[in-house]
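S.K.: okay, predicted coordinates and the sequence, questions at the end:
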Amino acid sequence: MHIIRSTDYRRMPWKNGGGETREIIASPAGASLENLDWRVSLATVAADGPFSVFPGVQRTLCVIHGAGIQLQAGDRAPADLYVSSEPYTFDGEVATSARLLDGPIEDLNVMSRRGRSQHRVRRFVLDHSILLDTTAQSLIVYCQSGDLKCAAESLQADDSAMFVDPAGPIRLHTTRTAEVIVVEFFLSRSLIPDY
């Protein structure tokens, strides 16, 4: 397990120059936007406008702070996303635009490049312990709010933990309510299991 503190996230501009991203982790390490296999990052959206285009990339977005955002991805119906919403997945090459519902928001973005990897994103509100049983090659736990024990380590709000080829279940524990996002990455030849 590798703990990634929020102070260690890498700041970088959006691909379209419209804002800034805090990159939690990417594979391979230090990958550019053009050659990454996958990435987990955080972004503040402060104004309405288009999203960057990422050909060949599957994306998933979770709102983590703010009132919410409406996404228009290609020909799909507009989707209103809130802190309580399920993760929203869309194609990176599709023209996508955002409209803020009531002020700036912060979101967590997950990307995986088709043919190299696949991902799954799940949200949890915890007030106890759970065991995460996974077949993923890489798993990232992001503590959205609260305090969280991840295996034997402590995560504060905005911290993350990464597991590579986790052997056995991963225990998450909190003594008060914590909001958690779990991201799993699978090799492209693997099937994402149904739970």
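M.R.: Thanks, I have the structure now. Because the structure is predicted, anything quoted here is derived from the model rather than measured.
S.K.: contacts, neighbours, all on C-alpha from now
M.R.: Will do.
S.K.: ok, residue 61 touching residue 85?
M.R.: No - the pair residue 61 and residue 85 does not pass the contact test of C-alpha atoms under 8 Å, sitting 10.0 Å apart.
S.K.: which elements pack onto the worst-scoring helix or strand of the chain on mean pLDDT?
M.R.: Ranked by mean pLDDT, DSSP states H and E, the weakest helix or strand in the chain is strand 10-13, scoring a mean of 85. Applying 3 or more C-alpha pairs under 8 Å, 6 or more residues apart in numbering; DSSP states H and E, one finds that strand 10-13 contacts strand 20-27.
S.K.: from residue 141, how far off is residue 52?
M.R.: Distance of residue 52 to residue 141, computed by C-alpha to C-alpha, to the nearest Å: 25 Å.
S.K.: who's more crowded, the two?
M.R.: residue 141 (22 against 17; other C-alpha atoms under 10 Å).
S.K.: give me the distance between the strand or helix carrying the more buried one and the centre of its chain.
M.R.: Element membership for residue 141 (DSSP states H and E) is strand 138-145. Mean-position distance between strand 138-145 and its chain equals 8 Å (C-alpha atoms, centre = their mean, to the nearest Å).
S.K.: likewise for stretch 176-189?
M.R.: With C-alpha atoms, centre = their mean, you get 8 Å for stretch 176-189.
S.K.: one more: stretch 126-146?
M.R.: With C-alpha atoms, centre = their mean, you get 12 Å for stretch 126-146.
S.K.: thinking again about what came up before, more neighbours: which of residue 61 and residue 85?
M.R.: The neighbour count for residue 61 versus residue 85, taken as other C-alpha under 10 Å, is higher for residue 61 (22 against 14).
S.K.: now do the contacts for the closest residue to residue 141 other than its chain neighbours.
M.R.: Once flanking residues are discounted, residue 141 sits nearest to residue 182: 4.7 Å by C-alpha to C-alpha, 6 or more residues apart in numbering. By C-alpha atoms under 8 Å, 6 or more residues apart in numbering, the residues touching residue 182 are 121-124, 139-142.
S.K.: about what we covered before: contact partners of the next helix or strand after the strand holding residue 141?
M.R.: With elements assigned by DSSP H and E, the helix or strand that comes after strand 138-145 is strand 148-150. Residues from elsewhere that reach strand 148-150 (C-alpha under 8 Å, 6+ apart): 154-156, 161, 170-174, 178.
S.K.: strands paired with the least confident helix or strand of the chain, and their directions?
M.R.: strand 20-27 (antiparallel) (DSSP bridges).
S.K.: between strand 138-145 and the partner strand, find me the angle.
M.R.: For strand 20-27 against strand 138-145, the angle by axes from the mean of the first three to the mean of the last three C-alpha atoms, to 10 degrees is 150 degrees.
S.K.: what packs against the host helix or strand of residue 122?
M.R.: Using DSSP H and E, residue 122 sits within strand 117-126. If you count contacts as 3+ C-alpha pairs under 8 Å, 6+ apart, strand 117-126 packs onto strand 105-113, strand 178-187.
S.K.: all set, thanks.
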